[in-house]
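*Asks:* Sequence below, structure please.
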Amino acid sequence: MKKDVLFLVIQFILFSCYFIDIHIISYSLPYWINTSLLVLVGIGFIVIFLGILNLSDDLSGVHPKKGNSMTFNGIYKYVRHPIYAGILISMMAYAFFTASIFKFLLTLIMGVVFYYKSSNEENWMLEKYEQYRIYKQRTGRFLPKLKK
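*Replies:* I've put the predicted structure just below:
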């Protein structure tokens, strides 16, 4: 089985399990924190939408021009994998909102899957685009890099 297919199968299983409602520990948070968590869920969805909006035909945020030069547009200027980042932000915020340790653990596992999946994708991008190495050094994987 190819790595890409394996990652998709694992993602599907984790997403499916995320909808199971298992409460190991129960807690409640103040209203303002719950509201903030719902805002974070929304921000995650916005990040996902911007990532999809900026996709090119080859399913990356990279837009090659004539020759070998490249530009990195939209949200991809700040983060290399915004769709994964948005999913993780939304899943984590919702896990805390629902007070679900189970959802929290699934989100951590999904983060590990996305890390390895993105590493696999980046190896392919490094082979395809020479400039990707510079982009990778300047840009954070799931969160923007802080400027020094």
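*Asks:* if I've got this straight, Phe142 is in a strand?
*Replies:* No - under DSSP: H, G, I helix; E, B strand; the rest coil, Phe142 falls outside any strand and is assigned coil.
*Asks:* Which pLDDT value does the model give it?
*Replies:* Phe142 is assigned a pLDDT of 94 by the prediction.
*Asks:* Quick check on it: phi, psi?
*Replies:* As for Phe142, its main-chain torsions (degrees, to the nearest 10) stand at phi -120, psi -20.
*Asks:* what does the one 4 residues further on give?
*Replies:* Taking degrees, to the nearest 10, you get phi -80, psi 140 for the backbone angles of Leu146.
*Asks:* Straight-line length of stretch 136-144, end to end?
*Replies:* Chord length of stretch 136-144, first to last residue, is 11 Å (C-alpha to C-alpha, to the nearest Å).
*Asks:* what's next to it, contact-wise?
*Replies:* The list of residues contacting stretch 136-144 from outside it, by C-beta atoms under 8 Å, 6 or more residues apart in numbering, reads 72, 76-81, 84-85, 88, 114-115, 118, 122, 126, 145. All C-beta atoms are positioned from the backbone trio N, CA, C, and that covers glycine.
*Asks:* Show me these that map onto strands.
*Replies:* Residues from the contacts of stretch 136-144 lying in strands, with DSSP state E as the criterion: Phe72.
*Asks:* Mind picking the two most distant members of the contacts of stretch 136-144?
*Replies:* For the contacts of stretch 136-144, the farthest-apart pair by C-beta to C-beta is Leu88 and Leu126; their separation is 23.0 Å.
*Asks:* So which residues of the protein form strands?
*Replies:* 62-64, 70-72.
*Asks:* any idea which of the ones you listed scores lowest on pLDDT?
*Replies:* What stands lowest among the strands of the chain, in mean pLDDT terms, is strand 62-64, with a mean of 63.
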